[in-house]
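Trainee: take this sequence and fold it.
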Amino acid sequence: MAVTEPASAAMAAAPDRSGSEGILRRQSARESAARTYARALPIVPVRARGLTIEGADGRRYLDCLSGAGTLALGHNHPVVLEAIRAVLDSGAPLHVLDLATPVKDAFTTELFRTLPHGLAEHARIQFCGPAGTDAVEAALKLVRTATGREGLLAFTGAYHGMTAGALEASGGARDVRVTRLPYPQDYRCPFGTGGTRGAELSARWTENLLDDPKSGVPDPAGMILEPVQGEGGVIPAPDDWMRRMRALTAARGIPLIADEVQTGVGRTGTFWAVEHSGVVPDVMVLSKAIGGSLPLAAVVYHDDLDVWPPGAHAGTFRGNQLAMAAGAATLAHVRENRLAERAGILGARMLAQLQGLAAEHPCVGDVRGRGLMIGLELVDPAAEDLTAPGPPPAAPELAAAVQRACLRRGLIVELGGRHSSVVRLLPPLTLTDEQASAVLDRLADAIAETSRDHPL
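Mentor: Purely as a prediction, here's the structure:
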């Protein structure tokens, strides 16, 4: 299906396939083995607008990765470009550490305008290094400083970044200071029940660990959670469970940290994902979309926690003026055009269509998400043990094959989940109905082809 998105004259330039191949070869020879996206997506982007990326070989792709959720308005949105050009043309300094500037003041004012009621009135903001993982580090340092405690409560399946402190709070770490708590989910419920009962058992387990003097749990400085686990497999937290976590942490004087790095700025159908449950956290960790496509990270927290001495957490590039200008423009555009509400409506429609697709293909074990944060878990139904309860085993090889089939059809998707078996969609909030149909058509074709070519 064609997608009506304007193509500039520059995008019509002749492709350079040999140049593209050379760039990919040099990347493979020069860059670290730690590179990730470049392995599964061997393309060389040269131009982009909205949902569309054009590679150096002339091929066009619908981008449902969006910089891992960074591009709330898609590539090169006019309001973002205008904001960046205005700063460049003004002669304003681009690097000012943490000095006050009109650009920073405008960004902070717009950000505070969007914060949940109950936090905005008492908020402080700490600008961090340019990545979300540094904002997580700052949040963990903050609550440990404010409470004088060292322990941390985190959840199975969590992902909070790649620096040491962020990794210790993530699902794969084994740091003894971090207590692992069960994150509720329906499809692979750790208690084998799912639904309301599974969420209740998760909450009761958490409460028991905190109140049992023999649990071995260090006194927690804070609890960190994602309102929707992204890398964990696109798993939305139940609203009642979120409220329960807020109640039990508040009653015990434990600061609640909401990691909104990927869920924020309208992605899940509300401006901040915690708003679905009405929860007001003590700390919010923000990055990705708040910079309008440029690097920016911040921690927003209740002023009661503002006990840091000067310089307790700093970063040379915490004053990115271009990112603040782009971010303020993005925040305002999302708010003024009610793009969060639009994401909720369109996302629900896409989920319903994908659930129909799952009914046709047994390899699609589960479809889940919130707003325009959507995941399909691929499984091997032939390997299901009918004598044992629970869903079929994950099928990471099949998921990787679907990702490759999508790319051949001009659709960029990401993989996530415990075994990289979840096909993820993170399209921009500017996604049109026609574009959504094109995305789903290409994904459906990819799954159908892969099911035929890789029988399970």
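Trainee: switch to C-alpha atoms for all contacts and neighbour counts from now on
Mentor: Fine.
Trainee: and the helix or strand of the chain with the lowest mean pLDDT, what's buried?
Mentor: For the chain, the helix or strand with the lowest mean confidence is helix 164-168, at a mean of 76 (criterion: mean pLDDT, DSSP states H and E). For helix 164-168, burial by neighbour count (16 or more other CA atoms under 10 Å) applies to 165-168.
Trainee: one more: stretch 274-281?
Mentor: Those buried within stretch 274-281 under the rule 16+ other CA under 10 Å are 274-276, 279-281.
Trainee: mind checking how far it is from the chain centre?
Mentor: Offset of stretch 274-281 from its chain centre (CA atoms, centre = their mean, to the nearest Å): 17 Å.
Trainee: just give me the residue closest to the centre of this protein.
Mentor: Gln262 (2.5 Å; CA atoms, centre = their mean).
Trainee: who touches the residue nearest to that residue when sequence neighbours are not counted in this structure?
Mentor: Leaving aside its chain neighbours, Gln262 sits nearest to Gly69 (5.9 Å; criterion: CA to CA, 6 or more residues apart in numbering). Gly69 is in contact with 262, 288-289, 426-428, counting by CA atoms under 8 Å, 6 or more residues apart in numbering.
Trainee: please repeat the previous calculation with a cut-off of 7 Å.
Mentor: Applying CA atoms under 7 Å, 6 or more residues apart in numbering to Gly69 gives the contacts 262, 288-289, 426.
Trainee: which among these gets closest to Arg113?
Mentor: Arg113 lies nearest to Ala289 out of those, by CA to CA, at 15.9 Å.
Trainee: nearest residue to that closest one other than its sequence neighbours?
Mentor: Closest residue to Ala289 apart from its sequence neighbours, by CA to CA, 6+ apart: Thr70 at 4.3 Å.
Trainee: count of neighbours near that neighbour?
Mentor: 25 (other CA atoms under 10 Å).
Trainee: that one and Gly327, how far apart?
Mentor: If you measure Thr70 against Gly327 using CA to CA, to the nearest Å, the figure is 11 Å.
Trainee: over to Gly416?
Mentor: Here the criterion is CA to CA. By it, Gly416 lies 27 Å from Gly327.
Trainee: the two - which one has more neighbours?
Mentor: Neighbour totals were compared for Gly416 and Gly327, and Gly327 leads with 30 against 20 (other CA under 10 Å).
Trainee: next up, the contacts around the more buried one.
Mentor: Contact criterion CA under 7 Å, 6+ apart gives 107, 290-292 as the residues in contact with Gly327.
Trainee: can you tell me which of the residues you listed are in strands?
Mentor: Among those, the subset assigned to strands under DSSP state E is empty.
Trainee: farthest-apart pair in those residues, please.
Mentor: Of all pairs drawn from the contacts of Gly327, the one with the largest separation by CA to CA is Phe107 and Gly292; the distance is 11.1 Å.
Trainee: which other helices and strands contact the strand or helix carrying Arg49?
Mentor: Assigned by DSSP states H and E, Arg49 falls within strand 45-49. Applying 3 or more CA pairs under 7 Å, 6 or more residues apart in numbering; DSSP states H and E, one finds that strand 45-49 makes contact with strand 52-55.
Trainee: paired strands for the strand it packs on, with orientation please.
Mentor: Next to strand 52-55 in the sheet, as set by DSSP bridges, lie strand 45-49 (antiparallel), strand 60-63 (antiparallel).
Trainee: got the contact list for it?
Mentor: Outside strand 52-55, the residues that touch it by CA under 7 Å, 6+ apart are 43-48, 60-63.
Trainee: can you say which of those residues are buried?
Mentor: Neighbour-count burial (16+ other CA under 10 Å) is assigned, among the contacts of strand 52-55, to 43-45, 47-48, 60-63.
Trainee: let's have those in JSON lines, adding distance to Thr36.
Mentor: Below are the buried ones among the contacts of strand 52-55 laid out as JSON lines (distance: CA to CA, whole Å):
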{"residue": "Ile43", "distance to Thr36": "13"}
{"residue": "Val44", "distance to Thr36": "14"}
{"residue": "Pro45", "distance to Thr36": "16"}
{"residue": "Arg47", "distance to Thr36": "21"}
{"residue": "Ala48", "distance to Thr36": "21"}
{"residue": "Arg60", "distance to Thr36": "21"}
{"residue": "Tyr61", "distance to Thr36": "19"}
{"residue": "Leu62", "distance to Thr36": "19"}
{"residue": "Asp63", "distance to Thr36": "17"}
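Trainee: now do the contacts for Ala329.
Mentor: Under the criterion of CA under 7 Å, 6+ apart, the contact list for Ala329 reads 79-80, 83.
Trainee: for the record, mean pLDDT for the one helix or strand Leu331 maps to?
Mentor: When secondary structure is defined by DSSP H and E, Leu331 falls within helix 321-336. If you average the pLDDT over helix 321-336, you get 98.
Trainee: show me how far that helix is from its chain's centre.
Mentor: Relative to the mean C-alpha coordinate of its chain, helix 321-336 is positioned 18 Å out (CA atoms, centre = their mean).
Trainee: and the angle for the helix or strand following it with helix 321-336?
Mentor: Proceeding N to C from helix 321-336, the next assigned helix or strand is helix 339-360, under DSSP H and E. Between helix 339-360 and helix 321-336, the angle comes out at 80 degrees (axes from the mean of the first three to the mean of the last three CA atoms, to 10 degrees).
Trainee: got a list of contacts for the next helix-or-strand element following helix 339-360?
Mentor: Elements were assigned by DSSP H and E; along the chain past helix 339-360, the next helix or strand is strand 364-370. With CA under 7 Å, 6+ apart as the contact definition, strand 364-370 has outside contacts at 187, 234-236, 268-269, 347, 351, 354-355, 358, 374-379.
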